[in-house]
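Trainee: Next one to model:
(one chain, ligands or ions: 2)
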Amino acid sequence: MSLKFYNTLSREKEIFTPINPPDVGFYSCGPTVYNYAHIGNLRSYVFADILQKTLEYCGYKVHRVMNITDIGHLSSDADSGEDKMTKGLLREGKELTLKNMRELAEFYTEKFKDDLRALNIQIPHGIYFASDYVKEDVDLIKKLEEKKYTYKTSDGVYFDTSKMPDYGILWGSKKNTDESHSRISENPEKRNAEDFALWKFNSKIGFESPWGTGFPGWHIECSAMGIKFLGEQFDLHTGGIDHIPTHHTNEIAQSECATGKKPFVKFWMHNEFVDTGSEKMAKSKGNFLRLESFTEKGINPITYRFWLLMASYRTKVNFSWEALGGSETALKRLYNLYMALGPALELAGKPETGKVYKEYQNKFKEYVEDDLDTPRALSLLWDVFKDQNMSDADKKATILDFDKVLGLGFENLKKEIIPEEVTGLAKERELARKNKDFKKSDELRKEINSLGYEVKDMNGEYKINKI
Ligand code: AMP
Ligand code: ZN
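Mentor: Ligands and ions are numbered 1, 2, ... in the order given. Prediction:
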């Protein structure tokens, strides 16, 4: 089997081969940090995480970059409406300054990272604020200007899409009349309806540029940061399907016209939406479902990851509390089954005793390599639990192997489970120590050791580890 991904560019599943194997250059569009991330946004990052983990599982070395949009994103994905970060400052009663904008961005970026951690999503090594790379935006726009792809209007510098014969290949046709495109034609000064802003003027706040004070367009940020960190051509680019008609279409146009190299990105991959029906799901509307909406009800955030993995990333999913409740029950059952498999495999420093079943591993690989088929991979996980011919140790080794991709946290789960007998003895020992009964505390330590655990005293507290 080889890796096959659905490439939005060709609308087909294609065999994935990186430009410079085993290295894979991978860019994910990050959040616009004017508010908390909603659960729909988080689907994008669970999907990108599964993609990264699958690539690593298959032996690739992933160089992943993610931008944080902290400037320049207007409320319409095209070039109209309010600036989202300005809106965030107004909402929080803060003065409109670049410093406050950055502070707001840093606050919501930290909250976003907390969500990623809670969902077992590996935070990309390269995570960068767009506002730190305005110079790169300006340089890219200058290149486009030299090549005569730009023109100036009273409100900004625009990209002339009529100069690019294959503009719009990502969404099929230039004549597309869907809603997101008809909105782009609102500005009468534009030469073509699809033309988009590379730089927007702003008389109140902004960055200096050769064209006037203002902000880079949202699309140019991702082109400039992608090129800076991954090169003029790279392997993978992800985002939600809403990015196809405008944001990614325009990234392709700017990047390919500036560098003269095609394709800018080999594989464009997009996750479908999470639909919440009656529950509101727009960050701009204020009242929306966040990961915290689950944790405050006592639901483990991994339940949401698990629920998402039950569908292909390319299927639209309808969120409901009932559906999430079903996942919660199923995940708890998996955790219980895992814990019932006996003592932890890895005893500090000593090798695992179980072995990964090749037959299962090959199947698992086949499923995730097939455009990240997580529903089939999960059903295989249940099969391993149910297999009566496997030893507990082998089951664990196989499940932990799958979990390198699935990220359901079986390993952490096991580490947390310390027998009550041991925790009870540790408490008794602590009491003895506090009462300066060192003989008793020493005996208790030995008893704990005989059960395969050790107690370490650190900064006035104690910690129990397996030995
Ligand atoms: P934003 O913070 O608005 O820039 O969006 C961050 C990511 O979430 C982007 O990749 C969007 O495409 C994605 N996204 C936005 N809404 C949803 C949704 N309801 N379901 C899935 N992905 C979404
Ligand atoms: Zn982007």
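
Trainee: CA only for contacts and neighbour counts going forward, please
Mentor: Noted.

Trainee: which intervals of the stretch 51-200 of the chain have sub-threshold pLDDT?
Mentor: Scanning the stretch 51-200 of the chain for pLDDT under 70 picks out the ranges 78, 173-185.

Trainee: Number of residues surrounding the residue of the stretch 251-400 of the chain found nearest ligand 1?
Mentor: Nearest residue of the stretch 251-400 of the chain to ligand 1, counting by Cα to the nearest ligand atom: F273, 3.3 Å away. A count of nearby residues for F273, using other Cα atoms under 10 Å, gives 20.

Trainee: cool, P188 as well?
Mentor: A total of 9 residues lie near P188 under the criterion other Cα under 10 Å.

Trainee: to the chain's geometric centre, what's the distance from the longest helix seen in the chain?
Mentor: Longest helix in the chain, counting residues (DSSP state H): helix 98-118. Once both centres are worked out by Cα atoms, centre = their mean, to the nearest Å, helix 98-118 turns out to sit 15 Å from its chain's centre.

Trainee: Does ligand 1 have contacts with that helix?
Mentor: No - judged by Cα under 6 Å from any ligand atom, helix 98-118 makes no contact with ligand 1; its nearest approach is 9.9 Å.

Trainee: Get me the contact residues on the stretch 101-250 of the chain for ligand 1.
Mentor: Residues of the stretch 101-250 of the chain lying close to ligand 1 (Cα under 6 Å from any ligand atom) are 239-243.

Trainee: What's the separation between P165 and ligand 1?
Mentor: For P165, the distance to ligand 1 (Cα to the nearest ligand atom, to the nearest Å) stands at 26 Å.

Trainee: contacting residues around that residue?
Mentor: Listed by Cα atoms under 8 Å, 6 or more residues apart in numbering, P165 has no contact partners.

Trainee: which element is H237 on?
Mentor: According to DSSP states H and E, H237 maps onto strand 234-240.

Trainee: Could I get the phi/psi values of the residue of the stretch 151-300 of the chain at minimum distance from ligand 2?
Mentor: The nearest approach of the stretch 151-300 of the chain to ligand 2 comes at C222, 4.7 Å away (Cα to the ion). Main-chain dihedrals, C222, degrees, to the nearest 10: phi -70, psi -40.

Trainee: That one contacts E251, correct?
Mentor: Yes - counting by Cα atoms under 8 Å, C222 sits close enough to E251 to count as a contact (6.9 Å).

Trainee: more neighbours, the two?
Mentor: A side-by-side neighbour count of C222 and E251, using other Cα under 10 Å, places C222 first with 26 against 22.

Trainee: So for the more buried one, what's the pLDDT?
Mentor: Per-residue pLDDT puts C222 at 97.

Trainee: again, but for M339
Mentor: Here, the pLDDT recorded for M339 equals 86.

Trainee: which bits of the protein sit near ligand 2?
Mentor: Contact residues (Cα under 5 Å from the ion) of the chain with ligand 2: 29, 222.

Trainee: Right, and ligand 2 sits closest to which residue of the chain?
Mentor: C29 (3.9 Å).

Trainee: Helices of the stretch 1-150 of the chain, residue ranges please.
Mentor: Along the stretch 1-150 of the chain, counting by DSSP state H, counting those that start in this stretch, helices occupy 39-57, 84-91, 98-118, 134-146.

Trainee: Present the ones you listed as CSV; the columns should include mean neighbour count.
Mentor: Shown next, in CSV, are the helices of the stretch 1-150 of the chain (neighbours: other Cα atoms under 10 Å):
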stretch, mean neighbour count
helix 39-57, 22
helix 84-91, 19
helix 98-118, 17
helix 134-146, 19
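
Trainee: Tabulate the ones you listed (JSON lines), appending distance to E14.
Mentor: Formatted as JSON lines, the entries for those read as follows, by distance: least, Cα to Cα, whole Å:
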{"stretch": "helix 39-57", "distance to E14": "15"}
{"stretch": "helix 84-91", "distance to E14": "36"}
{"stretch": "helix 98-118", "distance to E14": "29"}
{"stretch": "helix 134-146", "distance to E14": "31"}
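
Trainee: Distance check, the residue of the stretch 151-300 of the chain closest to ligand 2 against P216.
Mentor: Relative to P216, C222 is positioned 10 Å away (Cα to Cα, to the nearest Å).

Trainee: and what of L406?
Mentor: For L406 relative to P216 (Cα to Cα), the value is 37 Å.

Trainee: the more surrounded of the two?
Mentor: The neighbour count for L406 versus P216, taken as other Cα under 10 Å, is higher for P216 (29 against 25).

Trainee: Give the bridge partners for that one, please.
Mentor: W199 (DSSP bridges).

Trainee: ok, and the closest non-adjacent residue to I50?
Mentor: V405 (6.0 Å; Cα to Cα, 6 or more residues apart in numbering).

Trainee: What helix or strand is the one you found located in?
Mentor: With DSSP H and E as the test, V405 turns up in helix 392-406.

Trainee: now what about stretch 117-126, what contacts it?
Mentor: Residues contacting stretch 117-126 (Cα under 8 Å, 6+ apart): 45-46, 49, 63-66, 113, 116, 301-302, 304-305, 407-409.

Trainee: Would you work out how far apart the start and end of it are?
Mentor: 16 Å.

Trainee: List the buried residues of it.
Mentor: 119-124 (16 or more other Cα atoms under 10 Å).

Trainee: mind giving me CSV with those residues and columns for distance to G326?
Mentor: Converted to CSV, those look like this (distance: Cα to Cα, whole Å):
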residue, distance to G326
L119, 18
N120, 20
I121, 22
Q122, 26
I123, 28
P124, 31
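
Trainee: out of those, what pair is the most spread apart?
Mentor: By the measure Cα to Cα, L119 and P124 form the most distant pair in the buried residues of stretch 117-126, at 13.8 Å.

Trainee: Give me the neighbour count for G156.
Mentor: Neighbours of G156 (other Cα under 10 Å): 22.

Trainee: That one: what's it in contact with?
Mentor: With contact set as Cα under 8 Å, 6+ apart, G156 has these partners: 197-201.
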